[in-house]
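Enquirer: Following is a predicted model, sequence given first.
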Amino acid sequence: MGDIKKVWLLYLKGFLFFLTGFISLLLLVLLNLNFKTIVLLLLAIWGFCRAYYFAFYVIQHYVDPNYKFSG
């Protein structure tokens, strides 16, 4: 399978990722509606976003400029 070349398909893929996350978040909050759950869920999302940023941006641009992630 090759790389996706069509821009609209990339936007659709990004939107579907967002929709999956939003529906999951909504269901988790509705199933267990309390302040602690919401705060912990938001902290988990924030932490994973920062880890992703670190893994694919910080390492490539600041730690090892010769490292190129292909994927």
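Expert: Received it, and whenever you're ready, just let me know what you need.
Enquirer: Point out the other helices and strands that whichever strand or helix holds Thr20 packs with.
Expert: Thr20 belongs to helix 7-31 when assigned by DSSP states H and E. Under the contact definition 3 or more Cβ pairs under 8 Å, 6 or more residues apart in numbering; DSSP states H and E, helix 7-31 sits against helix 35-53. C-beta: built from backbone N, CA, C; applies to glycine.
Enquirer: Now do the helix it packs on, average pLDDT.
Expert: Averaged across helix 35-53, the pLDDT comes to 91.
Enquirer: Tell me the helices and strands packed up against it.
Expert: helix 7-31.
Enquirer: got the contact list for the helix it packs on?
Expert: Helix 7-31 is contacted from outside by 4, 37-38, 41, 45, using Cβ atoms under 8 Å, 6 or more residues apart in numbering.
Enquirer: what do you get if the cut-off is 7 Å, keeping everything else the same?
Expert: Applying Cβ atoms under 7 Å, 6 or more residues apart in numbering, the contact partners of helix 7-31 are 4, 38, 41.
Enquirer: could I get these as a markdown table with neighbour count?
Expert: Formatted as a markdown table, the contacts of helix 7-31 follow (neighbours: other Cβ atoms under 10 Å):
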| residue | neighbour count |
| --- | --- |
| Ile4 | 11 |
| Ile38 | 14 |
| Leu41 | 15 |
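Enquirer: would you turn those into JSON lines with distance to Tyr53?
Expert: Output for the contacts of helix 7-31, formatted as JSON lines (distance: Cβ to Cβ, whole Å):
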{"residue": "Ile4", "distance to Tyr53": "22"}
{"residue": "Ile38", "distance to Tyr53": "23"}
{"residue": "Leu41", "distance to Tyr53": "19"}
